[in-house]
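> sequence plus the predicted model coming up.
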Amino acid sequence: MDKKLEIQLQTDFPQIFIDLYGDRTSTCMTWGCSCSDGWYDIIYDCCKKLQRLMDENPGYKLYATQIKEKYGSLRFYINFNNDEISDKDFNETFWNLANKIVEEVEEKSYYICELCGKPGKINGTGWYRCLCKHCKKRGI
């Protein structure tokens, strides 16, 4: 993803992107979002929902550990930051809601061109990509 878009995500969602460009020995976010720009809007929408969930549940925080393309679809991995919350206070409902938000965006990526953001479908044999007709025709 274009670095400017990644910086915009970090600016708008600092908690979620707390590890962006962090130390490669402790986070996969070192490499930023390892996907093309076409998924920016669905990633942004996912982050808005995750941020709203955190705002509605003070004390509960989560952050992205890796965002990438795999087998033609988006993978958005998160972790729960419970440094300030004991295991007995862990809110399983919060975690389940966060995972549902992530699952929805991953599912959307099956139908969104990873290059341009228009409707697409997964193509390929060996290396799978979700592309619209136009991007596929261009041979990108």
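Right, received. Where do you want to start?
> which residues touch the spatially most central residue of the chain?
Residue closest to the mean C-alpha point of the chain, counted by C-alpha atoms, centre = their mean, is Phe76 at 3.8 Å. Counting by C-beta atoms under 8 Å, 6 or more residues apart in numbering, Phe76 makes contact with 43, 46, 64, 66-67, 102, 105-106. (Glycine included, C-beta is placed from N, CA and C.)
> please apply the same query to Lys70.
Lys70 neighbours (C-beta under 8 Å, 6+ apart): none.
> quick revisit: so which of the contacts of Phe76 are in strands?
Among those, the residues falling in strands (DSSP state E) are 64, 66-67.
> could I get those as JSON lines with pLDDT, neighbour count and distance to Asn57?
Listed next are the ones in strands among the contacts of Phe76 as JSON lines, based on pLDDT from 0 to 100; neighbours: other C-beta atoms under 10 Å; distance: C-beta to C-beta, whole Å:
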{"residue": "Ala64", "pLDDT": "97", "neighbour count": "27", "distance to Asn57": "18"}
{"residue": "Gln66", "pLDDT": "97", "neighbour count": "18", "distance to Asn57": "23"}
{"residue": "Ile67", "pLDDT": "98", "neighbour count": "28", "distance to Asn57": "22"}
